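In: What shape does this take:
(chains A, B, C and D)
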Number of protein chains: 2
Amino acid sequence: MGGSREPSHKTGMNSPSSFDTGVLVRRLSSYSPLSDADVAALKRADRSPVSYSRQDDIIRPGDAPPLLFIESGWALRYLPMTDGDQQVVQVLLPGDIVDRAAFLPGARTITAVKCATDIRACALCPRAMHEAVSERPNVARALWLGVMLDENRLLEHVARLGRRSSAEALAHLLLELRHLHKRIGAMEGETLTVPLAQPDIGDLLGITPVHVSRTISSLRHAGLIEMDRPTLRFLDVKRMSLFCGFDPAYLEAGPGPA
Amino acid sequence: MGGSREPSHKTGMNSPSSFDTGVLVRRLSSYSPLSDADVAALKRADRSPVSYSRQDDIIRPGDAPPLLFIESGWALRYLPMTDGDQQVVQVLLPGDIVDRAAFLPGARTITAVKCATDIRACALCPRAMHEAVSERPNVARALWLGVMLDENRLLEHVARLGRRSSAEALAHLLLELRHLHKRIGAMEGETLTVPLAQPDIGDLLGITPVHVSRTISSLRHAGLIEMDRPTLRFLDVKRMSLFCGFDPAYLEAGPGPA
DNA sequence: CGGAACATTGATGGATATCAATCTGAGTGG
DNA sequence: CCACTCAGATTGATATCCATCAATGTTCCG
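Out: All right, here's what the predicted structure looks like:
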């Protein structure tokens, strides 16, 4: 209730701006190759970074959201329900844009975003971004591809909630997180750091915290994972993928081979 | 399995192009006011309409989807699951774009779209649309607002599946459809034509056809609706909205009042 | 050292799936 | 025009999954 809304402290960051946009540029160029001029246009949108603490709300429903992307840490985008429950709709990872409604001047968001860890985020100048989009086709294409990939993740999330058991849904979610981190070299072997608490996972999968515990336990007993917060280790990715019908195609950027 | 994939017959439509884009132009200008020049730019993208029959697949996973919007009829966008089940992720109504992945040259879709009714769809020239987007800010804004509103609908769909009982989820879905049709004057009083079969609704809500029947029955007994396919009548919108926590804010285009 | 959020486990209840039977209406071919 | 077939709709009986209630243990933080 009495949640803190303000950034805990503005970091008087002395790290050069080139590092601050690094995460976003890396992400976008993984979607579409960017020229030096493209990168320069993005840099022009760069603003000073802001820090948030675990459990802070970055935005709330009804806000005109700021144009922010995550630099480091995990955040959860969710819909608060009238009965106090929450339904998480997106896990925000470094490089993710907090809420794209920020691209529309005057638009309001219907979601809230809270920090699952301490967060460093980076603001972007809307005007400079609009310039970059309209004058730099590569940037526009990369951003649009990002929209499509996020939509794909959301669609698979719908399928998890609607058509999978809790064990399948959890396995599928974890494999998605694994795939995303593998791609950017953010895993040590088959070990991944997942800072989510079990109630967070419950809000993601639409189940109770108690049942999250039982579901993790069942995957553990099936020999698929080891999980000791915050460390997650995959023991048999192939069998796990088969178990829940995970196919990473929906996370891939490029046009198909055909 | 031997589903028909091809349009049943190309309509050698003699209706003027001005009518064919009517649905899309009306939709977009409800998002952002369009000047005559904006409308003219959209007309330049217009192609000949295509008809599909009920149960036809318009696209399938892995396709490079065509740039199409629905002119008349209802279609369902869904993810086919490995076990043969389907999870519907979007109800496509007149004015909806079938799959926005079509805006990205070479992109593949992960969804399928099948016709719930006979459909008239209208193709758009990608090049002309890109021109319209890059040269006409009103068009770009309207299209982007459409993206945001569709995302909002998808987010609420996630919340329906994750955090609502089947009766609440069904009530919420029906109220969403009611709201969308009210706005465009497509209802007679509180009566709406819903061409979906109960198995379709099951694929939407992630429940079995048998349970759809029981759920409809419970809303009927609660005095909330009458439903006799394809006719749906709302008996007590206020109580129904309260029952399922429906708030149409997520369907509204404009910036909030504040 | 005390408290609060998190995690685990057991017992029980409720919601939805599954299996099965029947009924209706619409399209189809004779 | 009628018989047939099939998809859809309804209802009942039973099984499964997950929620709820409750107790306990644990970790972390003030």
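
In: Going by C-alpha atoms from here, please, whenever you check contacts or count neighbours.
Out: OK.

In: For the one helix or strand residue A:78 maps to, which helices and strands make contact with it?
Out: Assigned by DSSP states H and E, residue A:78 belongs to strand A:75-80. Contact partners of strand A:75-80 among helices and strands, from 3 or more CA pairs under 8 Å, 6 or more residues apart in numbering or on different chains; DSSP states H and E: strand A:86-92, strand A:112-115, helix B:137-163.

In: surely residue A:73 meets residue A:120?
Out: Yes - counting by CA atoms under 8 Å, residue A:73 does reach residue A:120; the two are 6.8 Å apart.

In: which one of those two has more residues nearby?
Out: Comparing residue A:73 with residue A:120 by other CA atoms under 10 Å in any protein chain shown, the one with more neighbours is residue A:120, at 22 against 19.

In: ok, the more buried one - contacts?
Out: A:49-52, A:70-73 (CA atoms under 8 Å, 6 or more residues apart in numbering or on different chains).

In: could I get the residues you listed as JSON lines with distance to DNA strand C?
Out: Compiled in JSON lines, those are given as follows (distance: CA to the nearest atom of the strand, whole Å):
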{"residue": "A:49", "distance to DNA strand C": "26"}
{"residue": "A:50", "distance to DNA strand C": "23"}
{"residue": "A:51", "distance to DNA strand C": "20"}
{"residue": "A:52", "distance to DNA strand C": "16"}
{"residue": "A:70", "distance to DNA strand C": "21"}
{"residue": "A:71", "distance to DNA strand C": "23"}
{"residue": "A:72", "distance to DNA strand C": "20"}
{"residue": "A:73", "distance to DNA strand C": "16"}
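
In: taking these one by one, which sit in helices?
Out: With DSSP state H as the criterion, helices contain none of those.

In: just the buried members of those?
Out: Applying 16 or more other CA atoms under 10 Å in any protein chain shown to the contacts of residue A:120, the neighbour count classes A:49-52, A:70-73 as buried.

In: picking that back up, Serialize the contacts of residue A:120 to a markdown table and add fields for distance to residue B:158 and pLDDT.
Out: Output for those, formatted as a markdown table (distance: CA to CA, whole Å; pLDDT from 0 to 100):
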| residue | distance to residue B:158 | pLDDT |
| --- | --- | --- |
| A:49 | 31 | 93 |
| A:50 | 30 | 95 |
| A:51 | 29 | 96 |
| A:52 | 27 | 96 |
| A:70 | 23 | 97 |
| A:71 | 26 | 95 |
| A:72 | 26 | 96 |
| A:73 | 24 | 97 |
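
In: Check those and tell me the two furthest apart.
Out: Greatest spatial distance in the contacts of residue A:120: A:49 and A:73, 13.3 Å, computed using CA to CA.

In: phi, psi of residue A:227?
Out: phi -140, psi 120 (degrees, to the nearest 10).

In: excluding its backbone neighbours, what's nearest it?
Out: Nearest non-adjacent residue to residue A:227, counting by CA to CA, 6 or more residues apart in numbering or on different chains: residue A:233, 6.3 Å away.

In: What secondary structure category should be reported for the one you found?
Out: When classified by DSSP: H, G, I helix; E, B strand; the rest coil, residue A:233 comes out as strand.

In: Next, work out how far apart it and residue A:172 are.
Out: According to CA to CA, to the nearest Å, residue A:233 stands 14 Å off from residue A:172.

In: ok, those two, which is more surrounded?
Out: residue A:172 (24 against 20).

In: Give me the contact status of the one helix or strand the more buried one maps to with chain B.
Out: Following DSSP H and E, the helix or strand that holds residue A:172 is helix A:166-183. No - for helix A:166-183, no contact with chain B is found by CA under 8 Å from any CA of the partner chain; the gap never falls below 11.1 Å.

In: So out of everything in the stretch 151-258 of chain A, what residue is nearest DNA strand D?
Out: residue A:207 (3.1 Å; CA to the nearest atom of the strand).

In: Angles on the backbone of that residue, please.
Out: phi -130, psi 170.

In: which residues touch it?
Out: A:166, B:162.

In: tell me the pLDDT at it?
Out: At residue A:207, the pLDDT value in this model is 98.

In: cool, residue A:48 as well?
Out: Confidence for residue A:48, expressed as pLDDT, is 89.

In: and if you look at residue A:102?
Out: Taking residue A:102 on its own, its pLDDT is 97.

In: Doesn't it belong to a helix?
Out: Yes - counting by three-state DSSP, residue A:102 is found in a helix.

In: Surely it is in contact with residue A:67?
Out: Yes - the criterion here is CA under 8 Å, and residue A:102 meets it with residue A:67 at 5.1 Å.

In: neighbours around residue A:224, how many?
Out: 21.

In: For it, list the residues it contacts.
Out: With contact taken as CA under 8 Å, 6+ apart, residue A:224 is in contact with A:234-237, A:239-240.

In: is residue A:192 in a bridge, and if so with what?
Out: Taking DSSP bridges, one obtains residue A:232 as the residues bridged to residue A:192.

In: Just to check, it is in contact with residue A:229?
Out: No - using CA under 8 Å, residue A:192 is not in contact with residue A:229, being 10.2 Å away.

In: per the record, what domains does chain A have?
Out: Residue ranges for each domain of chain A read A:17-148, A:164-251, as given by automatic domain parsing.

In: measure residue A:237 to chain B for me?
Out: In this view, residue A:237 and chain B are 18 Å apart by CA to the nearest CA, to the nearest Å.

In: Nearest residue to that residue in space, please, no chain neighbours.
Out: Counting by CA to CA, 6+ apart, the nearest residue to residue A:237 once its immediate chain neighbours are dropped is residue A:224, at 7.3 Å.

In: now residue A:209
Out: Looking at residue A:209 with CA to CA, 6+ apart, the closest residue is residue A:199, at 4.8 Å.

In: Backbone dihedrals for the one you found, both of them.
Out: phi -60, psi -30.

In: Next to DNA strand D, which bits of the stretch 51-200 of chain A? Give me the list.
Out: A:164-167 (CA under 7 Å from any atom of the strand).

In: In CSV: these, plus pLDDT, neighbour count and distance to residue A:39.
Out: Formatted as CSV, those follow (pLDDT from 0 to 100; neighbours: other CA atoms under 10 Å in any protein chain shown; distance: CA to CA, whole Å):
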residue, pLDDT, neighbour count, distance to residue A:39
A:164, 98, 18, 41
A:165, 98, 14, 43
A:166, 98, 20, 42
A:167, 98, 20, 42
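
In: quick one, what contacts residue A:87?
Out: Applying CA under 8 Å, 6+ apart, we find residue A:87 in contact with A:78-81, A:203-204, A:206, B:158-159, B:162-163.

In: Over to residue A:143?
Out: Neighbours of residue A:143 in contact, by CA under 8 Å, 6+ apart: residue A:28.

In: how far away is it from residue B:65?
Out: Taking CA to CA, one finds residue A:143 at 19 Å from residue B:65.

In: DNA strand C contacts on chain A?
Out: So far as CA under 7 Å from any atom of the strand goes, chain A lies against DNA strand C at A:197-199, A:209-211, A:213-214, A:216-217, A:228-229.
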